[in-house]
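Q: Sharing a model prediction with you, sequence too.
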Amino acid sequence: MKTFPPPASRVLPLVVAAQFACTSLWFAGNAVLPGLLHEARLVGTPLSTVVSAVQFGFIVGTLVFALFALADRMSPSKLFLLCAIAGSLFNAGLLLPGQTTTTLLVLRFAVGFFLAGIYPVGMKIAADYTEGGLGRALGYLVGALVLGTALPHLLRLLAAGEGWRGVVLATSGLALSGGVLLWWRVPDGPFRRPGSRLQPGAVWQVFRDRPFRAAALGYFGHMWELYTFWAFVPLWLAAYAQRHPGSGLLGPGWAFGIIAVGAPACVAGGYLAQRVGSRRTARLALAISGACCLLSPLLLALPLWAFGALMALWGMAVVADSPQFSTLVAQQAPAATKGTALTLVTCLGFALTIVSLQAFAALHPQLDARYWFWLLAPGPLLGLWATRRAPAPEVG
């Protein structure tokens with residue numbers, strides 16, 4: 001007897017929950033870094049290096065997945081499960097005794113590699129269940145990524161002190177449960193178009209199309225800003241506290257709030273995209289975040305309430321465009337290579353995050369803190385330039 005996949009309205013919450021659980025692995029290493037480095041006597045390992053190890057692993061993973069068209073050639077739910085299991089195990093490897101800088105970076109690289117089978121594959125699954133309104137669906141999905149990224153900061157706040165091991169266990173357990181949930185409850189979608197063979201030519205063929213290329217360039221500009229902003233929010237908060245001793249310590253709770261507020265912004269952006277289109281929604285968010293970059297020297301002089309409000313606005317705008325750029329990429333890609341195209345663009349976008357992270361890490365000690373985030377402004381400016389013209393009528 002033939003079985004039919006469940007409707008998208010039932011599948012999307014499951015994909016969102018699984019994506020949230022699994023992407024908690026992304027910044028788990030950052031959140032536990034102080035306690036881990038202290039216990040392993042590795043104090044001095046730069047935060048940017050740990051973040052870049054995850055990003056580099058993600059890049060290698062997405063490149064491998066794209067070259068072999070794994071998201072198009074095998075069941076996306078099975079691929080998601082396998083990567084969730086592997087990612088949770090390598091994350092739990094942080095608990096092994098005798099850590100060195102090398103083992104720490106290798107473990108974080110491996111986590112990043114298997115996240116390549118979680119984040120873009122989750123987008124592929126959502127696209128396989130969505131014929132129209134993809135921007136709204138991806139708004140929920142990227143919102144889950146944002147919450148998953150912010151979660152380790154909240155867990156660190158709740159664990160406090162020496163509780164970093166609990167953060168590692170919690171995120172590994174979440175990732176494992178998320179992978180099982182999606183594999184168990186979400187079969188292949190009705191709009192899936194599986195590939196039948198390796199498609200190395202498709203990796204670059206998609207970039208010959210001008211509308212696809214414009215959407216990809218917009219995404220790349222957004223990515224130049226996003227992860228460097230997220231990674232250095234704690235440092236920015238410390239710079240504010242240093243200038244305003246009466247404000248108290250702006251610790252993990254603040255970092256969690258500034259990152260996590262992007263989740264409802266992604267969802268709201270998805271609904272806005274249904275009214276005005278994904279391109280206009282993405283450009284609005286990109287313009288706001290770009291303005292925040294350019295005006296960032298003024299933020300450190302503001303009273304705490306105004307500083308917090310504008311940082312929350314920035315935290316929303318910096319990521320609200322992400323699902324809409326992914327929507328534009330998915331809409332412009334051929335159906336049979338949609339998973340490969342999404343994976344490839346994600347791969348190249350994350351390659352830019354390493355350049356951005358390392359440039360920021362190298363240059364910010366030479367600059368007054370007020371001007372740190374000027375280094376991120378070229379990203380939004382590139383994205384706005386690339387998407388200045390609408391190539392065709394949009395579907396939100």
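A: Okay, I see it.
Q: which strands and helices sit next to the helix or strand harbouring L174?
A: In the assignment (DSSP states H and E), L174 maps to helix 164-185. Applying 3 or more Cβ pairs under 8 Å, 6 or more residues apart in numbering; DSSP states H and E, we find helix 164-185 packed against helix 8-23, helix 28-40, helix 76-92, helix 134-159. No exception for glycine: its C-beta is placed from N, CA and C like everyone else's.
Q: List the buried residues of that helix.
A: 164, 167-168, 170-172, 174-179, 181-183, 185 (16 or more other Cβ atoms under 10 Å).
Q: Where does confidence bottom out across those?
A: Lowest in pLDDT among these is W164, which has 79.
Q: Skip the chain neighbours and tell me the closest residue to it.
A: G35 (3.4 Å; Cβ to Cβ, 6 or more residues apart in numbering).
Q: Okay, the one you found and Q99: tell me how far apart.
A: Separation of G35 from Q99 (Cβ to Cβ, to the nearest Å) stands at 12 Å.
Q: Now the common contact residues for the two.
A: Common contact partners of G35 and Q99 (Cβ atoms under 8 Å, 6 or more residues apart in numbering): none.
Q: quick revisit: what's the most buried one of the helices and strands packed on helix 164-185?
A: helix 134-159 (a mean of 25; mean count of other Cβ atoms under 10 Å).
Q: ok so, going back, neighbouring contacts of the helix holding L174?
A: 14-15, 17-22, 24-25, 28, 31-32, 34-36, 39, 77-78, 80-85, 87-89, 91-92, 94-95, 118, 122, 125, 151-152, 155-156, 159.
Q: which SSE is W26 in?
A: Using DSSP H and E, no helix or strand contains W26.
Q: Repeat that for A265.
A: helix 262-276.
Q: Report the buried residues of that helix.
A: 262-263, 265-267, 269-270, 272-274.
Q: Over to stretch 291-299?
A: 292-293, 296, 299.
Q: Next: stretch 56-72.
A: Those would be 56-63, 65-72, for stretch 56-72 by 16+ other Cβ under 10 Å.
Q: ok, back up a step: please list the outside residues in contact with the helix holding A265.
A: 133, 135-140, 142-144, 146-147, 150, 280-282, 284-285, 315-324, 327, 396.
Q: hmm, 6 Å instead?
A: 135-136, 139-140, 142-143, 146-147, 281, 315-316, 319-320, 323-324, 396 (Cβ atoms under 6 Å, 6 or more residues apart in numbering).
Q: now do stretch 10-22
A: 84, 118, 122, 125-126, 129, 137, 140-141, 144, 147-148, 174-175, 177-178, 181-182, 185-186.
Q: ok, now with 8 Å
A: Residues contacting stretch 10-22 (Cβ under 8 Å, 6+ apart): 5, 80, 83-84, 87, 115, 118-119, 122, 125-126, 129, 137, 140-141, 143-145, 147-148, 151, 174-175, 177-179, 181-182, 185-186, 189.
Q: tell me the mean pLDDT for it?
A: pLDDT averaged over stretch 10-22 gives 86.
Q: do stretch 373-383 as well
A: 94.
Q: Residue nearest the middle of this structure, spatially speaking?
A: L145 (5.8 Å; Cα atoms, centre = their mean).
Q: mind checking how far it is from G163?
A: Where G163 is concerned, L145 sits at a distance of 24 Å (Cβ to Cβ).
Q: Could you let me know which of the buried residues of helix 164-185 ends up closest to A309?
A: V167 (28.6 Å; Cβ to Cβ).
Q: Alpha carbons of stretch 275-284, as CSV, please.
A: C-alpha atoms of stretch 275-284 as CSV (Å, rounded to 0.1, in the frame of the first residue of the first chain):
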residue,chain,number,x,y,z
ARG,A,275,3.5,40.3,1.3
VAL,A,276,6.5,42.2,-0.3
GLY,A,277,8.7,39.4,-1.6
SER,A,278,11.9,37.8,-0.3
ARG,A,279,14.2,40.2,-2.1
ARG,A,280,12.7,43.3,-0.6
THR,A,281,12.6,41.8,2.9
ALA,A,282,16.3,40.7,2.6
ARG,A,283,17.3,44.1,1.5
LEU,A,284,15.5,45.9,4.3
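Q: so where's the stretch 251-396 of the chain shaky on pLDDT?
A: Low-confidence segments of the stretch 251-396 of the chain (pLDDT under 70): 334-340, 342-343, 390-396.
Q: Okay, helices next: where are they in it?
A: With DSSP state H, counting those that start in this stretch as the criterion, the stretch 251-396 of the chain has helices at 252-260, 262-276, 278-299, 304-320, 322-332, 338-363, 378-386.
Q: In the longest helix anywhere in the chain, which of the residues would be classed as buried?
A: In the chain, taking DSSP state H as the definition, the longest helix is helix 210-243. By 16+ other Cβ under 10 Å, the buried positions in helix 210-243 come out as 211-212, 214-237, 239-241.
Q: Over to stretch 280-287?
A: So for stretch 280-287, counting by 16+ other Cβ under 10 Å, buried means 280-287.
Q: ok, so of these, who is nearest V355?
A: Closest to V355, out of all of the buried residues of stretch 280-287 and judged by Cβ to Cβ, is L286, at 18.8 Å.
Q: Tell me which of the helices and strands packed on helix 164-185 sits nearest to G251.
A: It's helix 134-159; of these, that one is closest to G251 (Cβ to Cβ) at 7.0 Å.
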